[in-house]
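Chemist: sequence-free structure coming up:
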């Protein structure tokens, strides 16, 4: 019980740096799995969408529910989750076009570039993913400097593009409305600095030191 309390309420993750390194290595696992296990592109689409939802929710959840400190501890893992999500979506795109006997250059085919075509929104998301994926490193941070954060904000239009793509492909907007509304509501609460004190804090926040490093 003490371990669970320290983990959830105090956000103390044992061997934090080691776990973060393991998470970084595992974030590239979708690549060999896709080619060796011949995973369905549809499965990778679902995994990419679910990871993206988690990435979009974790920061506002940590801000709105500061008493659950495990949420704040998970915020630094967004990079690793983001890399995994990016590979899921890139490989989904590759697999979807490969199934039609095409390569990724098909994203430039003019027949897809109109608002009513579901693949347009997937292609727009694909370009966002590439920019996010290839700038998720220290070299890009040093090169882009203050513009790096602006590039990372592409995660917001990415979320929107993927949601529209899924809704049009499935023919059901209800499939994406719950996560979209959840993200919108939580981000609004976070921006308004509304906090829900589910638990009373009893110790200083030690996790902020980890986030600042």
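Modeler: Yep, that arrived. Since the model is a prediction, treat every value here as computed from it, not as a measurement. Residues are numbered from 1 along each chain as shown.

Chemist: what residue ranges in the chain score low on pLDDT?
Modeler: Judged against pLDDT under 70, the low-scoring parts of the chain cover residues 1, 3, 199-213.

Chemist: residue boundaries of the helices in it?
Modeler: 2-8, 16-26, 30-37, 41-64, 69-74, 78-98, 118-134, 138-144, 147-152, 155-170, 174-191, 207-212 (DSSP state H).

Chemist: export these to CSV and tack on mean neighbour count?
Modeler: C-betas here are computed from N, CA, C, even on glycine. Conversion of these to CSV gives the following (neighbours: other C-beta atoms under 10 Å):
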stretch, mean neighbour count
helix 2-8, 12
helix 16-26, 13
helix 30-37, 14
helix 41-64, 19
helix 69-74, 21
helix 78-98, 21
helix 118-134, 19
helix 138-144, 12
helix 147-152, 14
helix 155-170, 19
helix 174-191, 15
helix 207-212, 13
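
Chemist: want to try CSV for those, with distance to residue 112 as columns?
Modeler: As requested, those are exported to CSV (distance: least, C-beta to C-beta, whole Å):
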stretch, distance to residue 112
helix 2-8, 45
helix 16-26, 33
helix 30-37, 23
helix 41-64, 16
helix 69-74, 36
helix 78-98, 11
helix 118-134, 5
helix 138-144, 29
helix 147-152, 24
helix 155-170, 11
helix 174-191, 20
helix 207-212, 40
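
Chemist: which stretch among these comes nearest residue 110?
Modeler: Between residue 110 and these, the shortest gap by C-beta to C-beta is with helix 118-134, which sits at 10.7 Å.

Chemist: follow-up on the earlier one: name the stretch from the helices of the chain that approaches residue 197 most closely.
Modeler: Nearest of the helices of the chain to residue 197, taken as C-beta to C-beta: helix 41-64 at 10.3 Å.

Chemist: Output the contacting helices and strands for the closest one.
Modeler: Counting contacts by 3 or more C-beta pairs under 8 Å, 6 or more residues apart in numbering; DSSP states H and E, helix 41-64 is packed against helix 30-37, helix 69-74, helix 78-98, helix 155-170, helix 174-191.

Chemist: got these as TSV, with distance to residue 148 columns?
Modeler: Conversion of the helices and strands packed on helix 41-64 to TSV gives the following (distance: least, C-beta to C-beta, whole Å):
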stretch	distance to residue 148
helix 30-37	24
helix 69-74	22
helix 78-98	12
helix 155-170	13
helix 174-191	21
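
Chemist: Which among these is found nearest to residue 109?
Modeler: Nearest to residue 109 among these is helix 78-98; the distance by C-beta to C-beta comes to 9.8 Å.

Chemist: Run through the neighbouring helices and strands of that closest one.
Modeler: Under the contact rule (3+ C-beta pairs under 8 Å, 6+ apart), helix 78-98 is packed against helix 16-26, helix 30-37, helix 41-64, helix 118-134.
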